[in-house]
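Undergrad: fold the following, please.
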Amino acid sequence: QVQLVESGGGSVQSGGSLRLSCVYSKSTYCMAWFRQAPGKEREGVAAIDSAGLTTYADSVKGRFTISQDNAKNSLYLQMNDLKSEDTAMYYCAASIDGGAWERATNYNYWGQGTQVTVSS
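TA: Here you go, the predicted structure:
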């Protein structure tokens with residue numbers, strides 16, 4: 001079992017920044033951030049694997065940065081230049097076996113989510 005607890009969400013104006021954190025009980029092969037807006041499917045935002053390789057959704061490239069500190073058992077998502085379309089519940093996820101990073105079904109464990117609201 002892997003426990004994941006997110007924090008850092010909040011309300012911010014367009015163009016602002018937020019940093020999300022996820023504390024995990026154990027690191028896995030791949031860890032990621034997903035988001036889900038009301039009425040929409042959960043979508044992959046960014047992922048990082050055990051080698052430190054990162055990947056991003058096209059919609060956040062150049063604005064978001066995923067990072068990991070295994071000494072602190074923490075995963076981060078630095079979000080800059082936020083836009084109203086970034087408004088969503090953000091989830092931390094952990095995958096044991098990997099696979100297509102953006103596919104939610106490849107992740108075995110999920111946090112409870114943290115809300116990000118961006119106003120224009």
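Undergrad: what about Q36, how many neighbours?
TA: For Q36, the count of nearby residues is 15 (other C-beta atoms under 10 Å). Using the backbone N, CA and C atoms, a C-beta is placed for each residue, glycine as well.
Undergrad: burial measure for the residue nearest to it when sequence neighbours are not counted, as a count.
TA: Leaving aside its chain neighbours, Q36 sits nearest to R42 (4.2 Å; criterion: C-beta to C-beta, 6 or more residues apart in numbering). Around R42 sit 16 other residues, with neighbours defined as other C-beta under 10 Å.
Undergrad: these two touch, right, R42 and F34?
TA: Yes: proximity of R42 to F34 meets the contact threshold set by C-beta atoms under 8 Å, at 5.2 Å.
Undergrad: how about the strands of the chain, start to end?
TA: For the chain, the strands defined by DSSP state E cover 4-7, 10-13, 18-24, 30-36, 43-49, 54-56, 64-69, 74-79, 88-95, 109-110, 114-119.
Undergrad: still on that earlier bit, joint contacts of R42 and F34?
TA: Taking C-beta atoms under 8 Å, 6 or more residues apart in numbering as the criterion, R42 and F34 both touch 91, 104.
Undergrad: gap between G62 and M89?
TA: 23 Å (C-beta to C-beta, to the nearest Å).
Undergrad: and those two? Which one has more around it.
TA: Between G62 and M89, counting by other C-beta under 10 Å, M89 is the more crowded of the two (18 against 9).
Undergrad: so what's that one up against?
TA: Counting by C-beta under 8 Å, 6+ apart, M89 touches 35-37, 113-116.
Undergrad: which two of these have the greatest separation?
TA: A37 and T114 (13.8 Å; C-beta to C-beta).
Undergrad: between the two, which has more neighbouring residues?
TA: Using other C-beta under 10 Å as the criterion, A37 and T114 rank with T114 on top: 20 against 14.
Undergrad: dihedrals phi and psi, the closest residue in space to that one that isn't next to it in sequence?
TA: Closest residue to T114 in three dimensions, ignoring its sequence neighbours and counting by C-beta to C-beta, 6+ apart: G9, at 3.4 Å. Backbone dihedrals for G9, given as degrees, to the nearest 10, come out at phi -70, psi 170.
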